[in-house]
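Undergrad: no sequence for this one, just the structure:
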């Protein structure tokens, strides 16, 4: 190997060692105050962006809650209106049921009066038949007429009894309907009260969600101001670097 080659290798080795030493010294030096400000500004900007993103996410979630609260309130108001209609219908049904019950009672009383009158006619016809049989004979025209009257009165009495039985069934059915309508009225009132309570709760939730949304919006505005300020500080620190 020539002397020139050896010398060249030694020179390159010294230069490489000096380069490594210079890099190490540069890395070991502490950053200047201005560099520290720039690094802090960048850190603040990153944190501002994170805060802004999180606050925007919270604000959007609050807005979704507000929209849901509004839908719930519309639904609750609709339910309350329907409950009130049901209550009015139930009251009308109960009023009609009571009217039907009064009519049934009147019909029942009338049919009983007719039935009792028919029974008295039957009893009278029986006495007349017995007297005419004894006085004129079983086959007499008077006895035959009494038998016809007796038959006719029994037919009328039986018809009145059927009417009485029907009136009783109608009365029982109308009372049953009235009682069911009263239960429906109580249930509809209970539903209405619950829907009104739900509506009040939804109003409270809406106010709370709007308050949260407004608070998040204020934080967003503050984050934007902080971000703007930190960016301005970064530009200023870079300009005076």
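TA: Cool, the structure landed. Everything quoted here is computed from the prediction, not taken from an experiment. Numbers count the residues shown, from 1 in each chain.
Undergrad: can you show me the helices along this protein?
TA: In the chain, the helices defined using DSSP state H lie at 3-28, 33-136, 141-239.
Undergrad: now these in a markdown table, with mean pLDDT and mean neighbour count?
TA: Quick note: C-beta positions are derived from backbone N, CA and C, even for glycine. Output for these, formatted as a markdown table (pLDDT from 0 to 100; neighbours: other Cβ atoms under 10 Å):
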| stretch | mean pLDDT | mean neighbour count |
| --- | --- | --- |
| helix 3-28 | 56 | 9 |
| helix 33-136 | 92 | 15 |
| helix 141-239 | 93 | 15 |
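Undergrad: show me the domain layout of this structure.
TA: 1-30, 31-239 (automatic domain parsing).
Undergrad: not counting sequence-adjacent ones, nearest residue to the most centrally placed residue in the chain?
TA: The centroid of the chain falls nearest to residue 76 when counting by Cα atoms, centre = their mean (5.7 Å). Distance criterion Cβ to Cβ, 6 or more residues apart in numbering; nearest residue to residue 76, sequence neighbours excluded, is residue 199 at 4.0 Å.
Undergrad: the one you found against residue 80, yeah?
TA: Yes - judged on Cβ atoms under 8 Å, residue 199 makes contact with residue 80 at a distance of 6.4 Å.
Undergrad: what's near enough to touch residue 216?
TA: The contact partners of residue 216, taken as Cβ atoms under 8 Å, 6 or more residues apart in numbering, are 55, 58-59, 62.
Undergrad: actually residue 138, not the one I wrote
TA: Applying Cβ under 8 Å, 6+ apart, no residues contact residue 138.
Undergrad: next, it: phi, psi?
TA: Taking degrees, to the nearest 10, you get phi -60, psi -40 for the backbone angles of residue 138.
Undergrad: list the contacts of stretch 122-133.
TA: Counting by Cβ under 8 Å, 6+ apart, 140, 142-143, 146-147, 149-150, 153-154, 157 sit against stretch 122-133.
Undergrad: out of the residues you listed, which one sits closest to residue 49?
TA: Nearest to residue 49, judged by Cβ to Cβ, of the contacts of stretch 122-133 is residue 157 at 100.2 Å.
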